[in-house]
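Got a sequence here, can you build the structure:
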Amino acid sequence: MPAISVAADIDGSSLNLVWGIPFVGILLSIALCPLLVPTIWHHHFGKITALWSVLFLIPFTISFGMGTSISVIAHAMLAEYLPFIILLLSLFTVSGGILVKGNLHGSPKLNTALLAIGTILASLMGTTGAAMLLIRPLIRANDNRKHRVHVIIFFIFLVANIGGGLTPLGDPPLFIGFLKGVDFFWTAKHMLLPVFICAIILLTMFYFIDSYYYKREDEIEEHDPTPDSKLRLYGTFNFVLLLGVICSVLLSGFWKSGISFTVLGVPLTLQDISRDILLLVITALSMIFTAKQVRSVNQFNWEPILEVGKLFAGIFITIAPVLAILRAGQAGHLAGLVALVSDPQGSPVNSMYFWLAGMLSGFLDNAPTYLVFFNLAAGDAATLMGPLQQTLLAISMGSVFMGALTYIGNAPNFMVKSIATQSGIAMPSFFGYMKWSIGILIPLFLLLTVIFFVF
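Numbers count the residues shown, from 1 in each chain. I've put the predicted structure just below:
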């Protein structure tokens, strides 16, 4: 996906924080509506999100004019949302066409092994691809257990987030850095140790937690909905298509065509347009050549990607003024927040870059947040890979790892939750999930702060 930035027409220094209310409204709706009015939310979440978007766009248009409003919408949709959702759509469709048929017994050893495999795959095929490939086999392996919510939560931690930290293919923030000039192998080299530490600690913790719950399965279902059987792969043609997705993404990073087109004031490069077209073609090929029985057994449907698509359309539109205020730096109404990342001499405070980029990633979506702090630190990849490499590491770690703090920190989080809920797992509410993430991840992130940014 292309580098995310805020429409140039928005002067963040002139914006009041009141412009962030619609964005906060969407976040609160996602957090509270499923808990307070679940039926209304389930049937009308798209309309509710659209309402918040309209409540932003109408006063914004009155205040800044139709031209600026159209610019914001065009930029959000063409430069940000469409590439974002097309990539997710391709990974969701292709990975949903791979069927791991059969079933293994959801023991602590097996579950830990599946999480470890998913963590490795996340950097090779993206957090979305790995999550969509393995979430259904993991659910089937544990469908005769009553204590399984923790399995899905750790899956979100590891497979949908932290595992994607090794390559620009793994997670959108790192891919944005790649498009901005960060070397592909810089990411692999510098993120290896942080990802390894997180993975080992979380997998170990999960094994003991799962063992505890496994021993309490005295009320285990007498009838296993999916009895243990030998695993077999179907729809393997989709592995070739996954390779095509990876190549398409790499193409847009390495190929500099020098050709661009301007649509509604938004510059679109030939390589980015080519990538998106290739991804749509790959999506179509997967639908055409994957047997319907494979998707049927996989319980594949469009609801998870539609939910993500509708929610993030509103998020990408209403987040524009929030990002503009952040990008205004000391001149914006979040100057106090921005000041925290620099010492009196103007040098970066890397621990604060880690925590601020991370905490905002948990609530503002990690891809645009990464770019904000990337630009705030220097905006130049060569500088950030050189004398400021610890700052770039802090931004990368915060954006990728802390996307796991909430359901909306990274798109696969919500998709995994949606699939688990469809499968009959009573997933916790927005704040219920945060009890897990804060209790488990915050101490881990404090440890990382000491290891990488204190000494």
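
how near is the nearest residue to Arg148 once chain neighbours are set aside to Tyr214?
Once flanking residues are discounted, Arg148 sits nearest to Asn142: 4.5 Å by C-beta to C-beta, 6 or more residues apart in numbering. C-beta here means a position set from N, CA and C on the backbone, and glycine is covered the same way. Per C-beta to C-beta, to the nearest Å, Asn142 is found 10 Å from Tyr214.

Between these two, point out the one with more neighbours.
Between Asn142 and Tyr214, counted using other C-beta atoms under 10 Å, Asn142 has the larger neighbour count: 26 against 17.

Tell me both backbone torsions, phi and psi, for that one.
Dihedral pair for Asn142: phi -110, psi 20, per degrees, to the nearest 10.

Would you check that it makes contact with Asn111?
Yes: applying C-beta atoms under 8 Å, one finds Asn142 in contact with Asn111, separated by 7.0 Å.

Quick check: neighbours shared by the two?
Val151 (C-beta atoms under 8 Å, 6 or more residues apart in numbering).

Centre of the chain to the lengthiest helix in the chain, how far?
The residue-count maximum for a helix in the chain (DSSP state H) belongs to helix 108-141. A distance of 15 Å separates the centroid of the chain from that of helix 108-141, by C-alpha atoms, centre = their mean, to the nearest Å.

Tell me the buried residues in that helix?
Neighbour-count burial for helix 108-141, counted by 16 or more other C-beta atoms under 10 Å, picks out 108, 111-112, 114-116, 118-119, 121-141.

Give the next helix or strand downstream of that helix.
Where DSSP states H and E defines the elements, the next helix or strand beyond helix 108-141 is helix 149-158.

what packs against that next one?
For helix 149-158, the contact count by 3 or more C-beta pairs under 8 Å, 6 or more residues apart in numbering; DSSP states H and E identifies helix 108-141, helix 184-215, helix 411-422, helix 430-449 as packing neighbours.

give me the low-pLDDT residue ranges for the protein?
Low-confidence regions of the chain, defined here as pLDDT under 70, cover residues 1-9, 102-103, 106, 218-229, 364-365.

What segments of it are strands?
99-103, 229-234, 260-263, 266-269 (DSSP state E).

and those, which is most packed in?
Most buried of the strands of the chain, by mean neighbour count (mean count of other C-beta atoms under 10 Å): strand 99-103, with a mean of 19.

hmm, back to that, with distance to Ser286 added, can I get the strands of the chain in JSON lines?
Formatted as JSON lines, the strands of the chain follow (distance: least, C-beta to C-beta, whole Å):
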{"stretch": "strand 99-103", "distance to Ser286": "13"}
{"stretch": "strand 229-234", "distance to Ser286": "13"}
{"stretch": "strand 260-263", "distance to Ser286": "27"}
{"stretch": "strand 266-269", "distance to Ser286": "25"}
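
Quick check: the residue most central in space within the chain vs Leu446, distance?
With distances taken as C-alpha atoms, centre = their mean, Asn410 lies nearest the centre of the chain, 2.2 Å away. Asn410 is 21 Å from Leu446, where distance means C-beta to C-beta.

What is the burial count for Val341?
23.

Name all residues that make contact with it.
Residues in contact with Val341 (C-beta under 8 Å, 6+ apart) are Pro348, Val349, Met352, Tyr353, Leu356, Phe373, Leu376, Ala377.

of all these, which comes closest to Leu87?
For the contacts of Val341, the residue nearest Leu87 by C-beta to C-beta is Phe373; the value is 21.8 Å.

Show the contacting residues for that closest one.
Going by C-beta under 8 Å, 6+ apart, the list of residues near Phe373 reads Val341, Tyr353, Leu356, Ala357, Ile395, Gly398, Ser399.

next one: Leu280
By C-beta under 8 Å, 6+ apart, the contact list for Leu280 reads Ile86, Leu89, Ser90.

Please repeat the previous calculation with a cut-off of 7 Å.
Contact analysis of Leu280 by C-beta atoms under 7 Å, 6 or more residues apart in numbering lists Ile86.

what about it, distance to Ser274?
In this view, Leu280 and Ser274 are 11 Å apart by C-beta to C-beta.

What of Pro168?
18 Å.

Can you give me the neighbour number for Leu270?
Neighbour number of Leu270 under other C-beta under 10 Å is 15.

How about His150?
Counted by other C-beta under 10 Å, the residues lying close to His150 total 16.

circling back: for Val37, state which of the contacts of Val341 is nearest.
Of all the contacts of Val341, Leu356 has the smallest distance to Val37: 33.0 Å, by C-beta to C-beta.
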